[in-house]
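Engineer: Using only what follows, build the 3D model:
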Amino acid sequence: MIAAALALLIALPFLAKALGSPASIGLATRILIYAIAAASLNLALGYGGMVSFGHAAFFGLGAYVTGILYHHFISGDPLFGFITGSNALLVTIPAAILVTGGMAALIGALSLRTSGVQFIMITLAFAQMLFFFFAALKIYGGDDGLIIRRRNTLFDLNMRDDTTFYFLCLGLTLLVFFLKARIVGSRFGRVLEGIRQNERRMQIFGLSPYAYKLAAFTISGMGAGLAGALMANYLRFVSPDMLHWTKSGELMIMVILGGVGTLFGPLFGAGALVLLETLLAGWTEHWQIVLGPILLGIVLFRSDARAFLAKVLGRGA
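Structural biologist: Residues are numbered from 1 along each chain as shown. Next up is the predicted model:
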């Protein structure tokens, strides 16, 4: 099953060109990028029980790190007077991961002192703070966003070619899911699962739920930052909308559609939502009106989705 899916993903660009649908390569690239972001959120949400409504902050921040480094590379003006810009993926992606990891650690350190609805609202508040911060940052475009005229470079590869960029995203997606599988299957992952099921029992065993949850939240934020950096390169554009709370909602819907706490669920959830949005947008300009009832029906008729929402509401009560 996994081998067949992998073979299909590898063959997809060639099949798309053969069938006269090169635009499908870009669509598949978006799905892979969102799958990375959703898988990262699922580590915190599905395995750690942390319902974060602020993961758009890390997604958008990763994109802005890429855009800002490119901006200073083109202008030649060092950031903060000493950080030179860059258009190299081997610089921008690690920078995005490190910055978002630091921000996730800071937000998590404060937010994880609460739980339930309070945790949801605090993560949402932090994300909105960053949203308004970048919207007001006129030097980087403000509300209009920041244009990246060319994708970041990687060795001598032609990153302008959509197929080349697709395979880069595919490779990073496979790496993220491999690392996620190792984390979930490790002692750390089992402890995290135990905390999600019964936090008080893990405390009795002498473990610190706060430390484990903070580590998981930080790793989750780093993965979202990676996805944001890739999305900035794919779109060649970043804007405050990438940090808006609605983006966090989209990522959460992807996780729920694919299955909360499952390894490959975020990939299927990302594919389902992106394809659904694309098909409906081609049918009517009011596609959100159609999408809403469809998603509502899925939640109402899927027992695992209902159980997840009931658990969230129960914790917040």
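
Engineer: mind listing the helices for the chain?
Structural biologist: 2-18, 23-42, 55-75, 89-111, 116-135, 162-185, 187-197, 199-204, 209-235, 245-258, 265-283, 287-301, 303-316 (DSSP state H).

Engineer: Please name the residues that touch His72.
Structural biologist: His72 sits next to 78-79, 83-85 when contact means CB atoms under 8 Å, 6 or more residues apart in numbering. For every residue, glycine as well, the C-beta is placed using N, CA and C.

Engineer: picking up where we left off before, reformat the helices of the chain as JSON lines; add mean pLDDT.
Structural biologist: As requested, those are exported to JSON lines (pLDDT from 0 to 100):
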{"stretch": "helix 2-18", "mean pLDDT": "88"}
{"stretch": "helix 23-42", "mean pLDDT": "94"}
{"stretch": "helix 55-75", "mean pLDDT": "94"}
{"stretch": "helix 89-111", "mean pLDDT": "95"}
{"stretch": "helix 116-135", "mean pLDDT": "92"}
{"stretch": "helix 162-185", "mean pLDDT": "95"}
{"stretch": "helix 187-197", "mean pLDDT": "90"}
{"stretch": "helix 199-204", "mean pLDDT": "83"}
{"stretch": "helix 209-235", "mean pLDDT": "95"}
{"stretch": "helix 245-258", "mean pLDDT": "89"}
{"stretch": "helix 265-283", "mean pLDDT": "88"}
{"stretch": "helix 287-301", "mean pLDDT": "78"}
{"stretch": "helix 303-316", "mean pLDDT": "55"}
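
Engineer: and of those, who's closest to Leu146?
Structural biologist: helix 55-75 (4.3 Å; CB to CB).

Engineer: Which of the residues in the closest one are classified as buried?
Structural biologist: By neighbour count on 16 or more other CB atoms under 10 Å, the buried set for helix 55-75 is 55-73.

Engineer: for stretch 240-249, same thing?
Structural biologist: The neighbour-count check on stretch 240-249 (16+ other CB under 10 Å) flags 240, 242-245, 247-248 as buried.

Engineer: next one: that stretch to chain centre, how far?
Structural biologist: How far stretch 240-249 lies from its chain's middle: 11 Å, per CA atoms, centre = their mean, to the nearest Å.

Engineer: what do you get for stretch 95-113?
Structural biologist: Distance, stretch centre to chain centre, for stretch 95-113: 14 Å (CA atoms, centre = their mean).

Engineer: can you check stretch 165-174 too?
Structural biologist: Offset of stretch 165-174 from its chain centre (CA atoms, centre = their mean): 15 Å.

Engineer: Also stretch 1-21?
Structural biologist: With CA atoms, centre = their mean, you get 23 Å for stretch 1-21.

Engineer: tell me which residues in that stretch are buried?
Structural biologist: For stretch 1-21, by 16+ other CB under 10 Å, it's 9, 12-13, 16.

Engineer: in the protein, what residue sits furthest out from the centroid?
Structural biologist: Farthest-out residue of the chain from its mean C-alpha position, per CA atoms, centre = their mean: Ile204, at 33.7 Å.

Engineer: From Leu226, how far out is the nearest residue in space to Ala227 that is not next to it in sequence?
Structural biologist: Closest residue to Ala227 apart from its sequence neighbours, by CB to CB, 6 or more residues apart in numbering: Ala37 at 3.7 Å. Relative to Leu226, Ala37 is positioned 8 Å away (CB to CB, to the nearest Å).

Engineer: Compare the two and say which is more crowded by neighbours.
Structural biologist: Ranked by neighbour count (other CB atoms under 10 Å), Ala37 and Leu226 place Ala37 first, with 32 against 27.

Engineer: Contact partners for the closest residue to Tyr166 other than its chain neighbours?
Structural biologist: Spatial nearest neighbour of Tyr166, chain neighbours left out: Thr29 (4.9 Å); criterion: CB to CB, 6+ apart. Applying CB under 8 Å, 6+ apart to Thr29 gives the contacts 162, 165-166, 169, 234.

Engineer: Pick out whichever of the residues you listed sits closest to Val260.
Structural biologist: Closest to Val260, out of all of the contacts of Thr29 and judged by CB to CB, is Cys169, at 23.9 Å.

Engineer: For the closest residue to Val290 other than its chain neighbours, list the residues it contacts.
Structural biologist: In space, and not counting its chain neighbours, Val290 is closest to Leu280: 5.3 Å by CB to CB, 6+ apart. Each residue near Leu280 by CB under 8 Å, 6+ apart is listed here: 287, 290-291.

Engineer: likewise Gly265?
Structural biologist: 42, 46, 255, 257-259.
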